[in-house]
Structures are given as C-alpha cells and as structure tokens.
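Enquirer: show me the folded form of this:
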Amino acid sequence: KAALPGMRRGGGGGPRCIALMSSQAGQVGIYGYTAYSASKFALRGLGEALQQEVINDNIHVSLIFPPDTETPGLAKESKRRPEVTSKIAGSSAGMKADDVAERALSGIKSGSFIVSCNFEGLMLAIATAGLSPQRSCLMAFVEVVGAGFMRFVGLCFQWGWYGTIEKCQEKKSKCDRFLK
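Expert: Residues are numbered from 1 along each chain as shown. Here you go, the predicted structure:
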C-alpha cells in the first residue's frame, strides 16, 4: 500500500509489477495445510482484484505458484508434517530455490498473471484458470481447450489422494488399537 503511489507516478517508462508469492497449495487444498492453503488461496483473490485496480497505471500483478521448495524451512517442516501430507505433496516435484526464483523472475518479466514453476504447476494453472486474467492469447486458448481434460486429470489425482488419506487413517487406527 505504501509503495503504490510511487508506482502509479511511474518513471522509467516501462511497466511496473507487483509480485505475490503463493504456492501450489494455493491452487489445490492439501491435507495438513488447512490454514496455509487458505492464506495462499486468498492471495489469488487479492491479486485478481488488485490487477483490475492498477492495470490502467501500467502496473502488472504476477501471482507465483511454486511447489515445495528446497529450503531449510521445508526440511524442518517435512520432519513434522503428517505422513499423508508428505505423500500428497509428493505428487508435484520439489524444486531448488534458485530455480523457483529464476522461473518467478521470468514470469514477472513476461507480465504473466499466473506464474507456474514446473510442469505440475502448469497443469494446475490450466485446471484452475477460472476468471483469472490471461495476457497470452495462446495460453488462453490452451486453458479453454484443456479445461475439461484437466478437470478429469485433477479428479484422478483427488481420488488418489483420498485413497492415500483413507489408507493412512486405517494404518493409524490399527496402531491406536494396538496401543490401547
């Protein structure tokens, strides 16, 4: 909010950008990440509304959706999170922080609203495009044509995740009965 007046005044002639760092857990809810997913999903609403408010000032908003990123924080979290969360999160390959930064910067420079960092992220972007802005005619075409197929793929992943949740719960229940 404090930087926006200066950005609106411009300078330098080119477009300015606001980048919001979300997560693939901001595109699809993940077991064990209830609060985290909710906060990352909220960034999408913020980004979509903000983009409408600043587009006439030649300011572009980029919403970045990285997967699990190899950082000391993720290493700690991976030891604490439930087994089922790790199994579901494993559906998307993790990335090195430098690679995420490179993809994010590339997306910001290109003026993309949705910035995916890996193949799974691109598939999620197509599946969850909804009413988000799209500056690329080619990508808009891919989103429209691929939406139905990606819905099917997404359902297959969801069915697998729910199966994993059930198996982990059964395993936990057996262990709990044994300990009683």
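Enquirer: can we go C-alpha only for contacts and neighbour counts from here?
Expert: OK.
Enquirer: now do the SS call for Lys167.
Expert: Three-state call for Lys167 (DSSP: H, G, I helix; E, B strand; the rest coil): helix.
Enquirer: where's it relative to Tyr31, distance?
Expert: 14 Å (Cα to Cα, to the nearest Å).
Enquirer: more crowded one of those two?
Expert: Tyr31 (19 against 13; other Cα atoms under 10 Å).
Enquirer: could you look up the SS state of the more buried one?
Expert: Assigned with three-state DSSP, Tyr31 falls in the coil class.
Enquirer: what's near enough to touch it?
Expert: 84-85, 88 (Cα atoms under 8 Å, 6 or more residues apart in numbering).
Enquirer: hmm, 10 Å instead?
Expert: For Tyr31, the contact set (Cα atoms under 10 Å, 6 or more residues apart in numbering) comprises 25, 37, 81-82, 84-89, 161-162, 165.
Enquirer: what does Gly90 give?
Expert: Here Gly90 is in contact with 67-68, 84 (Cα under 10 Å, 6+ apart).
Enquirer: what's Ile108 in contact with, if anything?
Expert: 16-19, 60-64, 102, 114-115.
Enquirer: who wins for neighbours among those?
Expert: Ile64 (29 neighbours).
Enquirer: confirm for me that that one is in contact with Phe41.
Expert: No - taking contacts as Cα atoms under 10 Å, Ile64 lies outside contact range of Phe41: 11.6 Å.
Enquirer: before we move on, back to that, which among the contacts of Ile108 gets closest to Val145?
Expert: Using Cα to Cα, Ile114 comes nearest to Val145 of the contacts of Ile108, at 17.5 Å.
Enquirer: quick one: the residue nearest to the closest one when sequence neighbours are not counted and Ser78, what's the gap?
Expert: Closest residue to Ile114 apart from its sequence neighbours, by Cα to Cα, 6 or more residues apart in numbering: Leu63 at 5.1 Å. Distance, Leu63 to Ser78, by Cα to Cα: 25 Å.
Enquirer: related to what we said a few turns ago, so which of the contacts of Tyr31 wins on neighbours?
Expert: Busiest of these [other Cα under 10 Å] is Ala25, holding 22 neighbours.
Enquirer: low pLDDT regions in the protein?
Expert: 11-13, 174-180 (pLDDT under 70).
Enquirer: quick one, helices of it?
Expert: Here the chain has its helices, by DSSP state H, at 4-9, 34-54, 72-80, 83-89, 97-110, 119-127, 137-179.
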